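Trainee: Give the three-dimensional model of this entry:
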Amino acid sequence: MFILGNLLQATAQVLNIVLQLYMWVIIIRALLTWVNPDPHNPIVQFLYSITEPVLLRVRQLIPMSGIGIDFSPIIVLLAIVFLQSFLVQSLGALALRLQ
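Mentor: Residues are numbered from 1 along each chain as shown. Prediction:
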């Protein structure tokens, strides 16, 4: 069973890193909206291409058209923190029990 425990521990660590990186990408995307970057810049296009599907889905689920402020990055960041606190920690605890 220690192999399954090691696999779950490695999965939890990789998932945590991926979620942390995506969190920073969302933060950078939100900060870029303050400076109005060149939309033809490849870095800006990359950031928009990997964040827009998630942010668009949140905007569709929680319409905030009358507010004037886009809260979707904050909601996505809260979801990432929840996943890190719940899913990653649960996988790590399960892995420790199996080792």
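
Trainee: Grab the nearest non-local neighbour of residue 83.
Mentor: In space, and not counting its chain neighbours, residue 83 is closest to residue 19: 5.8 Å by Cβ to Cβ, 6 or more residues apart in numbering. All C-beta spots, glycine's among them, are computed from the backbone N, C-alpha and C.

Trainee: Return the distance of the one you found relative to residue 4.
Mentor: According to Cβ to Cβ, to the nearest Å, residue 19 stands 22 Å off from residue 4.

Trainee: Also residue 89?
Mentor: 18 Å.

Trainee: now swap in residue 80 and tell me
Mentor: Going from residue 80 to residue 4 by Cβ to Cβ gives 26 Å.

Trainee: hey, where'd the strands end up in this structure?
Mentor: Counting by DSSP state E, no segments of the chain form strands.

Trainee: In it, where is pLDDT below threshold?
Mentor: Nowhere does the chain drop to pLDDT under 70.

Trainee: Tell me which residues of the longest helix anywhere in it come out buried.
Mentor: Looking across the chain with DSSP state H, the single longest helix is helix 2-35. For helix 2-35, the neighbour count (16 or more other Cβ atoms under 10 Å) marks 8-9, 12, 15-16, 19, 22-23, 26, 29-30 as buried.

Trainee: just stretch 88-99 next, same as before
Mentor: Result for stretch 88-99 [16+ other Cβ under 10 Å]: buried residues 88, 91-92, 95.

Trainee: What distance do you get for residue 41 to residue 85?
Mentor: Plainly put, residue 41 is 34 Å away from residue 85 if you go by Cβ to Cβ.
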